[in-house]
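Trainee: Build me a model:
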Amino acid sequence: MEPIRTERLILRNFRPEDAPDLLAYLREPGASCYLSLRLDDLAAAEAEATTRATSDEYIAVCLAATGRVIGDVFAMPEPPDTYSVGWNFNGDFGGAGYATEAARALFDHLFTVKQARRLFAYVEEDNAASRRLCERLGMRQEGLFKEFISFRQDDKGAPVFENTMQYAILRKEWEALMPRRSEVGGET
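Mentor: Presented below is the predicted three-dimensional model:
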């Protein structure tokens, strides 16, 4: 994909040399849904960065000033015109609005360039930061799946099932938000 520039960020395809930055946030994933992506060492991060470099599904989010990868956004197509979206960021960069800025740029790209009709995200019920991000993006909660999925096991080896929320937004809903977003200063 062509890189996407925002005020403070560049969204681009991963490169093999992004491995150290990828390892920084996937060594200990903050959200349980990313536990399966956990990386143990630099060699594993190099392999993952190389794999991601061959696809447009995982998009590196870089600081424009330094080029450092601080996280990623993803968009998995579900033909003909729907995408499953999400994000994963290095916690050291939390609270600065980078996730909101990156996700808005991704949504704009998917709705305008890819002509998506609908975007949706699954968020575990206890992931308050991602739930707030979905709401800031104008997504609506469509459902709550009780004991939907397990990413880990308890001390006895039994799966721990998590409640998962589904959020979504349609292109027409996103477009209706555009004037309001620019009235309040755009990137918040």
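
Trainee: helix/strand/coil for the residue lying farthest from the centre of the chain?
Mentor: Most distant residue from the mean C-alpha position of the chain: Lys156, 31.8 Å away (CA atoms, centre = their mean). The three-state assignment at Lys156 reads coil, by DSSP: H, G, I helix; E, B strand; the rest coil.

Trainee: What pLDDT does the model give it?
Mentor: With respect to pLDDT, Lys156 has a value of 90.

Trainee: And the one 10 residues further on, by the same measure?
Mentor: According to the model's per-residue confidence, Gln166 sits at a pLDDT of 96.

Trainee: what mean pLDDT does the longest helix belonging to the chain have?
Mentor: For the chain, the longest helix by residue count, based on DSSP state H, is helix 98-112. Across helix 98-112, pLDDT averages out at 97.

Trainee: hmm, back to that, distance of the residue farthest from the centre of the chain relative to Ala44?
Mentor: Taking CB to CB, to the nearest Å as the criterion, Lys156 is separated from Ala44 by 28 Å. The C-beta positions use only the backbone N, C-alpha and C, and glycine is treated the same way.

Trainee: and Ala116, helix, strand or coil?
Mentor: Classified using three-state DSSP, Ala116 is coil.

Trainee: can I assume it is in contact with Thr82?
Mentor: Yes - in this structure, Ala116 is within contact of Thr82 by CB atoms under 8 Å, at 6.7 Å.

Trainee: Alright, that wraps it up for me.
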